[in-house]
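In: For reference, the sequence and a predicted model appear below.
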Amino acid sequence: MTGRKDLRKTSLFAAAILLSATAGSAGIATVAKAMESSSPSPPTTTTSQPPSNPAGTKKDTKKSKPDKSSAVEQFYKGWHQAYALIYDKGDYAAGIAVLESMGFDNNADVATLLGYASRKLGRYDDAKLWYDRALAADPNHALTWSYYGMWHAEQGNVLKAKDDLEKVRLICGTTCREYTMLKAAIDGTATY
(Lines give C-alpha, C1' and ligand atoms only; values in the text may rest on other atoms or scores of the structure.)
Protein backbone atom coordinates (compact mmCIF):
# COMPACT_ATOMS: atom_id res chain seq x y z
CA MET A 1 0.00 0.00 0.00
CA THR A 2 2.81 2.42 0.86
CA GLY A 3 4.50 1.77 -2.48
CA ARG A 4 1.34 2.71 -4.32
CA LYS A 5 1.05 5.95 -2.36
CA ASP A 6 4.70 6.76 -3.00
CA LEU A 7 4.20 6.14 -6.72
CA ARG A 8 1.14 8.40 -6.72
CA LYS A 9 3.08 11.15 -4.92
CA THR A 10 6.01 10.77 -7.34
CA SER A 11 3.63 11.04 -10.30
CA LEU A 12 1.99 14.11 -8.81
CA PHE A 13 5.39 15.65 -8.12
CA ALA A 14 6.47 15.05 -11.71
CA ALA A 15 3.23 16.63 -12.93
CA ALA A 16 3.85 19.59 -10.62
CA ILE A 17 7.30 20.14 -12.07
CA LEU A 18 5.97 20.05 -15.63
CA LEU A 19 3.10 22.40 -14.83
CA SER A 20 5.27 24.83 -12.90
CA ALA A 21 7.71 24.99 -15.79
CA THR A 22 4.92 25.95 -18.18
CA ALA A 23 2.47 27.83 -15.95
CA GLY A 24 4.72 30.05 -13.84
CA SER A 25 4.12 30.95 -10.20
CA ALA A 26 0.32 30.90 -10.45
CA GLY A 27 0.52 27.33 -11.68
CA ILE A 28 2.76 26.35 -8.79
CA ALA A 29 0.19 27.54 -6.23
CA THR A 30 -2.57 25.67 -8.02
CA VAL A 31 -0.57 22.46 -8.21
CA ALA A 32 0.50 22.71 -4.56
CA LYS A 33 -3.12 23.00 -3.47
CA ALA A 34 -4.09 20.06 -5.67
CA MET A 35 -1.34 17.91 -4.18
CA GLU A 36 -2.51 18.59 -0.62
CA SER A 37 -5.46 16.26 -0.29
CA SER A 38 -7.61 16.92 -3.30
CA SER A 39 -6.56 13.62 -4.84
CA PRO A 40 -7.93 10.94 -2.56
CA SER A 41 -7.18 7.26 -2.82
CA PRO A 42 -9.61 5.71 -5.29
CA PRO A 43 -12.40 3.60 -3.83
CA THR A 44 -11.80 -0.12 -3.65
CA THR A 45 -15.49 -0.98 -3.62
CA THR A 46 -18.60 0.90 -4.46
CA THR A 47 -21.77 1.11 -2.48
CA SER A 48 -23.93 2.27 -5.36
CA GLN A 49 -27.36 0.77 -5.74
CA PRO A 50 -28.27 -1.39 -8.75
CA PRO A 51 -30.47 0.32 -11.33
CA SER A 52 -34.18 0.08 -10.64
CA ASN A 53 -36.45 -2.02 -12.85
CA PRO A 54 -39.06 0.15 -14.58
CA ALA A 55 -42.62 -1.17 -14.21
CA GLY A 56 -43.67 -3.64 -16.86
CA THR A 57 -40.19 -4.57 -18.11
CA LYS A 58 -38.62 -7.97 -17.85
CA LYS A 59 -35.64 -8.32 -15.61
CA ASP A 60 -32.47 -9.33 -17.37
CA THR A 61 -31.41 -12.61 -15.79
CA LYS A 62 -27.79 -12.15 -16.85
CA LYS A 63 -25.63 -10.52 -14.23
CA SER A 64 -23.91 -7.48 -15.57
CA LYS A 65 -20.62 -6.31 -14.16
CA PRO A 66 -20.65 -2.80 -12.75
CA ASP A 67 -18.66 -0.32 -14.78
CA LYS A 68 -15.71 0.19 -12.45
CA SER A 69 -14.28 3.14 -14.38
CA SER A 70 -17.62 4.91 -14.22
CA ALA A 71 -17.81 4.38 -10.45
CA VAL A 72 -14.32 5.75 -9.99
CA GLU A 73 -15.16 8.70 -12.25
CA GLN A 74 -18.27 9.44 -10.19
CA PHE A 75 -16.23 9.14 -6.99
CA TYR A 76 -13.70 11.73 -8.16
CA LYS A 77 -16.40 14.04 -9.51
CA GLY A 78 -18.19 14.01 -6.15
CA TRP A 79 -14.93 14.32 -4.25
CA HIS A 80 -13.76 17.39 -6.16
CA GLN A 81 -17.17 19.03 -5.84
CA ALA A 82 -17.20 18.46 -2.06
CA TYR A 83 -13.56 19.53 -1.73
CA ALA A 84 -14.29 22.84 -3.48
CA LEU A 85 -17.38 23.46 -1.35
CA ILE A 86 -15.53 22.79 1.89
CA TYR A 87 -12.06 24.24 1.35
CA ASP A 88 -12.67 26.93 -1.27
CA LYS A 89 -16.15 28.19 -0.34
CA GLY A 90 -16.39 27.25 3.33
CA ASP A 91 -19.82 25.72 2.68
CA TYR A 92 -19.32 22.80 5.07
CA ALA A 93 -22.95 21.65 5.17
CA ALA A 94 -23.18 21.44 1.37
CA GLY A 95 -19.84 19.63 1.22
CA ILE A 96 -21.04 17.11 3.81
CA ALA A 97 -24.21 16.51 1.79
CA VAL A 98 -22.18 15.79 -1.36
CA LEU A 99 -19.78 13.46 0.47
CA GLU A 100 -22.59 11.53 2.14
CA SER A 101 -24.45 11.16 -1.16
CA MET A 102 -21.38 9.55 -2.75
CA GLY A 103 -21.76 6.35 -0.72
CA PHE A 104 -18.06 5.96 0.13
CA ASP A 105 -18.16 6.76 3.83
CA ASN A 106 -15.60 4.07 4.63
CA ASN A 107 -12.94 5.64 2.39
CA ALA A 108 -10.33 7.26 4.66
CA ASP A 109 -10.14 10.45 2.58
CA VAL A 110 -13.92 10.86 2.46
CA ALA A 111 -14.35 10.16 6.19
CA THR A 112 -11.53 12.59 7.03
CA LEU A 113 -13.12 15.36 4.99
CA LEU A 114 -16.48 14.62 6.61
CA GLY A 115 -14.78 14.91 10.00
CA TYR A 116 -13.09 18.17 9.08
CA ALA A 117 -16.31 19.76 7.80
CA SER A 118 -18.23 18.54 10.85
CA ARG A 119 -15.57 20.00 13.16
CA LYS A 120 -15.71 23.34 11.36
CA LEU A 121 -19.49 23.37 11.95
CA GLY A 122 -18.93 22.68 15.66
CA ARG A 123 -20.34 19.17 15.40
CA TYR A 124 -17.59 17.64 17.51
CA ASP A 125 -19.31 14.29 18.14
CA ASP A 126 -19.85 13.80 14.41
CA ALA A 127 -16.26 14.82 13.69
CA LYS A 128 -14.95 12.24 16.17
CA LEU A 129 -17.09 9.54 14.55
CA TRP A 130 -15.72 10.37 11.10
CA TYR A 131 -12.10 10.54 12.24
CA ASP A 132 -12.48 7.16 13.95
CA ARG A 133 -14.00 5.72 10.76
CA ALA A 134 -11.16 7.13 8.65
CA LEU A 135 -8.55 5.61 10.95
CA ALA A 136 -10.34 2.26 10.88
CA ALA A 137 -9.97 2.36 7.08
CA ASP A 138 -6.34 3.57 7.16
CA PRO A 139 -4.55 3.71 10.53
CA ASN A 140 -1.63 5.55 8.91
CA HIS A 141 -3.63 8.37 7.35
CA ALA A 142 -1.53 11.39 8.32
CA LEU A 143 -4.17 14.01 7.49
CA THR A 144 -6.71 12.24 9.71
CA TRP A 145 -4.27 12.17 12.64
CA SER A 146 -3.51 15.85 12.05
CA TYR A 147 -7.17 16.87 12.01
CA TYR A 148 -7.93 14.59 14.96
CA GLY A 149 -5.15 16.31 16.88
CA MET A 150 -6.74 19.66 16.08
CA TRP A 151 -10.05 18.25 17.31
CA HIS A 152 -8.37 17.24 20.59
CA ALA A 153 -6.71 20.66 20.94
CA GLU A 154 -10.06 22.40 20.39
CA GLN A 155 -11.53 20.17 23.10
CA GLY A 156 -8.79 21.36 25.47
CA ASN A 157 -6.88 18.08 25.44
CA VAL A 158 -3.45 19.32 24.35
CA LEU A 159 -1.70 16.19 25.66
CA LYS A 160 -3.76 13.98 23.34
CA ALA A 161 -3.15 16.43 20.48
CA LYS A 162 0.59 16.05 21.11
CA ASP A 163 0.17 12.26 20.99
CA ASP A 164 -1.49 12.67 17.59
CA LEU A 165 1.36 14.96 16.51
CA GLU A 166 3.81 12.18 17.33
CA LYS A 167 1.77 9.74 15.22
CA VAL A 168 1.92 12.17 12.32
CA ARG A 169 5.70 12.52 12.80
CA LEU A 170 6.11 8.76 12.62
CA ILE A 171 4.05 8.60 9.41
CA CYS A 172 5.48 11.49 7.41
CA GLY A 173 8.16 13.29 9.40
CA THR A 174 8.34 16.85 10.72
CA THR A 175 8.32 18.70 7.41
CA CYS A 176 5.08 17.33 5.95
CA ARG A 177 2.10 19.67 5.84
CA GLU A 178 0.08 17.47 8.19
CA TYR A 179 2.75 17.80 10.89
CA THR A 180 3.32 21.53 10.48
CA MET A 181 -0.42 22.27 10.51
CA LEU A 182 -1.03 20.34 13.73
CA LYS A 183 2.11 21.75 15.38
CA ALA A 184 0.94 25.29 14.58
CA ALA A 185 -2.53 24.51 15.97
CA ILE A 186 -1.05 23.11 19.19
CA ASP A 187 1.29 26.11 19.51
CA GLY A 188 -1.69 28.45 18.98
CA THR A 189 -0.15 30.15 15.94
CA ALA A 190 -2.76 28.92 13.43
CA THR A 191 -6.20 27.37 13.23
CA TYR A 192 -7.47 24.95 10.64
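Out: Now that the structure is in, tell me what you want to look at. These numbers were taken from a predicted model, which means no experiment stands behind them.
In: Past the lowest-mean-pLDDT helix or strand in the chain, which element shows up next along the chain?
Out: Here the helix or strand of the chain ranked lowest by mean pLDDT, DSSP states H and E is helix 2-37, holding a mean of 39. Sequence-wise, the next helix or strand downstream of helix 2-37 (DSSP states H and E) is helix 68-83.
In: Tell me the buried residues in that following helix?
Out: By 16 or more other Cβ atoms under 10 Å, the buried positions in helix 68-83 come out as 71, 74-76, 78-79, 81-83. Where you see a C-beta, it was placed from the backbone N, CA and C, and this is true even at glycine.
In: Of the residues you listed, which pair is most distant in space?
Out: The distance between the two most remote of the buried residues of helix 68-83 (Cβ to Cβ) is 18.3 Å, for 71 and 83.
In: Pretty sure residue 98 sits against residue 80.
Out: No: Residue 98 is beyond contact range of residue 80, at 9.7 Å (criterion: Cβ atoms under 8 Å).
In: overlap in contacts of these two?
Out: Common neighbours of residue 98 and residue 80 are not found (criterion: Cβ atoms under 8 Å, 6 or more residues apart in numbering).
In: quick one: low-confidence parts of this protein?
Out: Applying pLDDT under 70 to the chain picks out residues 1-39, 42-68.
In: if we can go back for a sec, TSV for the buried residues of helix 68-83, including distance to residue 112?
Out: Listed next are the buried residues of helix 68-83 as TSV, based on distance: Cβ to Cβ, whole Å:
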residue	distance to residue 112
71	20
74	19
75	15
76	16
78	15
79	12
81	17
82	12
83	11
